[in-house]
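Asker: sharing a model prediction with you, sequence too.
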Amino acid sequence: MFDKIGDMPLHPLVIHVVVVGIPLAVLLAVLFAIPRTREWARWPLAIVVVGATAATFVARQSGLAFEAAQGIKPGNPVGDLILQHSLLANQLFYIMIGFAAIGLLNVFVVRKAAADNADVKQPAIVRIVLPILLVVAAAVALIWIVRVGDLGARAVWNPTAPSFFNFP
């Protein structure tokens, strides 16, 4: 199901949705954290973060199908990079679930600003902590998409190239 669209492998196609969707969700999360742009970013954030999470799931599944179809096994430079890529992609999927959950919690709970409606005072945990948590989750997702993409690109284009990151 997740292996091909027509005669083309699905994985190289769907990863572009992830590579664009996650940074866009990060940008919208930062805009949502700023009270002045919160209302503008509210619904686009909800749509993009859920869509990016769904695309991450499809990319993960299509990557596993692509790996099986190509017969890639660890034990050589490409196979080892693909194994690391797969492990980080699994982590990214769970990070995106957390990012989406925090994003949706923010969208439905955090209001524009307490000053806009003096009758409704939100507690500091809602007004301040939830948007900060959103930005932290967004930053982790951004770092992970770069790490996953770095390993995937090196596996395809130059397996002997040094890593963008110096930590495992």
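Answerer: Structure's in. What do you need?

Asker: is P162 in a helix, a strand, or coil?
Answerer: coil (DSSP: H, G, I helix; E, B strand; the rest coil).

Asker: what's the first helix or strand after the worst-scoring helix or strand of the chain on mean pLDDT?
Answerer: The weakest-scoring helix or strand in the chain, judged by mean pLDDT, DSSP states H and E, is helix 124 (a mean of 71). Where DSSP states H and E defines the elements, the next helix or strand beyond helix 124 is helix 130-157.

Asker: buried stuff in that following helix?
Answerer: 130-131, 133-135, 137-138, 140-142, 144-145, 147-152, 154-155 (16 or more other CB atoms under 10 Å). C-beta coordinates here come from the backbone N, C-alpha and C atoms, glycine included.

Asker: counting by contacts, list what that helix packs against.
Answerer: Applying 3 or more CB pairs under 8 Å, 6 or more residues apart in numbering; DSSP states H and E, we find helix 130-157 packed against helix 10-33, helix 77-109.

Asker: tell me the most buried of those helices?
Answerer: Scoring these by mean neighbour count under mean count of other CB atoms under 10 Å gives helix 10-33 as the most buried, with a mean of 20.
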